[in-house]
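Chemist: Requesting a structural model of the entry that follows:
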Amino acid sequence: MILRLLTFPFRYLLIKLRKAIGRLDTIRVEPLYAFGNDHLVMVQARVVESYKQSVPRPGRSYLRNLLATIRRYAGNAIPDALVQITYQGEKKLVESDGEGIISCSFRQQLNGRYGRHFVFFSLLPEEGIKPEREKVACRVLRYPSDHPRGIISDIDDTILISHATQIGRKFWLSISKNAYTRRPFPGVSKFYHALTYYGKYPVFYVSSSDWNLFELIRDFLQYRNIPSGPLLLKDLHVNLKNIFKSGGGSHEHKLEKVEMLMDLYPQMEFILVGDSGQHDPELYARVMADYPGRVKAVYIREIRELKDQRRKLLKAKVMDPKAPDITFVETTMQAMLHAKNHQLIP
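Modeler: Below you'll find the predicted structure:
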């Protein structure tokens, strides 16, 4: 991510130049998510140059995985591209930002029909732009505002072994492994299926990973049989004006995403899952304070021991006396036993 931030002005100008002289390859739209409640749907995608990325396999060598990682991060996002987004007959024209991201929302009442809905993306042909496909579809996940429960989960060191607090080990995992060779924590698949009551409750994934890892995370969840759900990853939020002010290491965006979900589903209770490596305990404590009565349970994977002072500060942050305790666990089985004893899983 840091490399992309530092090279952003050069990549931006190069893409603009190649577009002007008609030397861009074919362009495609990659849907990222489409979900909402009974009256609002939020949509996000990105526009990138088409590239042929070989399908990852369990037996891939470190070198092949390294080359795939380089390709993933070196991929050229397309700024200032016009995309028509269509949902239930309503059309919106959106322009991609400096990192190729497009997003919009639709205010449409669903009237109780929670079937298979799709949003469609059409890249508008223009000089220097050649769409790979005329139309791309993405399934829309809608849940009523009064849906009883949802799960919000971190990814790194919560379900995916990442060693996020050890820069060297994390870097090596990132470049040497793929979606099929990255390892989950034991028992995660069983636990998450139980938390969702086997598909009854939605799960939302909030992570500080950026959108270049979208396909890796999506394929990892599918391969490891972990319930899928909207991936709310980190936007780089960079353009030529704010490149030098960008806070690449901030996790504030995770709080913003969690608050957005709490507001989007105002009558939904949530189970929050994270790890102790970064700021998940403090983030979830703040959510419990700001949204009293809305958090059913909090599970924190203790990947490194918490000091007593930090535990006391966490308790002080949770001002709601009826809020559940933050449950620290070393293994997924410990979380499952707690959830079963508190009737949070079947």
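Chemist: Look up how far residue 160 lies from residue 191.
Modeler: To residue 160, residue 191 is 14 Å away according to CB to CB, to the nearest Å. C-betas here are computed from N, CA, C, even on glycine.
Chemist: Over to residue 296?
Modeler: Residue 296 is 24 Å from residue 160, where distance means CB to CB.
Chemist: likewise residue 30?
Modeler: On the measure of CB to CB, residue 30 and residue 160 end up 21 Å apart.
Chemist: which of these two has more neighbours?
Modeler: Each of residue 30 and residue 160 has its neighbours counted (other CB atoms under 10 Å); residue 160 has more, 23 against 17.
Chemist: For stretch 34-43, the averaged confidence score.
Modeler: For stretch 34-43, mean pLDDT rounds to 95.
Chemist: need the helices for the stretch 151-300 of the chain, in chain order.
Modeler: Using DSSP state H, counting those that start in this stretch, the helices assigned to the stretch 151-300 of the chain run over residues 167-176, 188-195, 214-223, 252-264, 280-290.
Chemist: Switch the ones you listed over to CSV; also include distance to residue 39, mean pLDDT and mean neighbour count.
Modeler: Below are the helices of the stretch 151-300 of the chain laid out as CSV (distance: least, CB to CB, whole Å; pLDDT from 0 to 100; neighbours: other CB atoms under 10 Å):
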stretch, distance to residue 39, mean pLDDT, mean neighbour count
helix 167-176, 39, 51, 14
helix 188-195, 26, 98, 20
helix 214-223, 27, 90, 18
helix 252-264, 10, 93, 16
helix 280-290, 23, 91, 21
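Chemist: Quick one: closest of the ones you listed to residue 126.
Modeler: Set against residue 126 and scored by CB to CB, these come closest in helix 214-223, at 25.6 Å.
Chemist: and the end-to-end length of stretch 77-92?
Modeler: Start to finish, the residues bounding stretch 77-92 are 21 Å apart (CA to CA, to the nearest Å).
Chemist: Buried residues, that stretch. List them.
Modeler: Neighbour-count burial for stretch 77-92 flags 77-83, 85-87 (criterion: 16 or more other CB atoms under 10 Å).
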